[in-house]
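Student: Here is a sequence together with a model predicted from it:
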Amino acid sequence: MTDATPDSLIPYDEIVQEALRAVVGRVLGEVEAAGGLPGEHHFYITFKTGAAGVDIPPHLTARFPDEMTIVIQNRYWDLKVYEDRFEVGLSFNQVGAKLHIPFAAVTGFVDPAVNFALQFQAQSEDGEPEQTGAAGNDPPLTEPVEDGSNVVSVDFTRKK
């Protein structure tokens, strides 16, 4: 007997990644339908700026060539959620910008108000997950995550 795990013919990792992105879409859709964030909820959303379908102003791409974290809290407008992406207006240095972000580009979603977080791999254009590091503009988590929290981390490694 060997300890090696056999390769799966079912793409479980891709299915789970897609389901996690659907959570982000549903949450943002509920915020859109309600016309705003309830209570103290606010979101940090990290995404790959160079991913297919991402449409952000060139000055933001130049500043964040790999990954960017946005905050949906007090000053946002025109949140629109679609099956495969979302759009939102945000202000950067007092200049408004409209961002179009496919869910496939999202690598992190955090709602600090309730200690909820999702992390997953960005998908490359060929459908394979990309390996990502920590966002350069994202401060490190300083609070330890205790057992029983609402944090879900998924990090699949594909055997080739």
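Tutor: Nice, thanks for sending it over. Since the structure is predicted, the reported quantities are computational estimates derived from the model, not experimental observations. Residues are numbered from 1 along each chain as shown.
Student: I figured L90 was touching T69, is that so?
Tutor: No - contact criterion CB atoms under 8 Å: L90 and T69 do not qualify, at 11.5 Å. For glycine as for every other residue, the C-beta is placed from the backbone atoms N, C-alpha and C.
Student: Can you pick out the residue with more neighbours from those two?
Tutor: Here L90 and T69 are compared on neighbour count by other CB atoms under 10 Å; more neighbours surround L90, at 20 against 17.
Student: Bridging across strands, which residues link to that one?
Tutor: When bridges are taken as DSSP bridges, the partners of L90 come out as Y76, A97.
Student: same deal with V81?
Tutor: V81 forms beta bridges with F86, as assigned by DSSP bridges.
Student: how close does it get to V95?
Tutor: Counting by CB to CB, to the nearest Å, the gap from V81 to V95 is 24 Å.
Student: Ok, Y12 next?
Tutor: If you measure Y12 against V95 using CB to CB, the figure is 43 Å.
Student: before we move on, what about E40?
Tutor: Between E40 and V95 the distance is 27 Å, computed by CB to CB.
Student: Isn't F86 up against K80?
Tutor: Yes - taking contacts as CB under 8 Å, F86 lies within contact range of K80: 6.7 Å.
Student: of the two, who's got more company?
Tutor: Neighbours per residue (other CB under 10 Å) separate F86 from K80, with F86 holding more: 22 against 14.
Student: L60 in helix, strand or coil?
Tutor: On the three-state scheme (DSSP: H, G, I helix; E, B strand; the rest coil), L60 is labelled helix.
Student: now do A33
Tutor: Judged by three-state DSSP, the three-state class of A33 is helix.
Student: burial count for it?
Tutor: Around A33 there are 9 other residues, counting by other CB under 10 Å.
Student: quick one: it from E83, how far?
Tutor: Relative to E83, and taking CB to CB, A33 is found at 15 Å.
Student: Then D55?
Tutor: 17 Å.
Student: Looking at those two, which has the bigger crowd around it?
Tutor: Looking at D55 and E83 with other CB under 10 Å, you find the greater number of neighbours at D55, namely 12 against 8.
Student: Many thanks, I have nothing further to ask.
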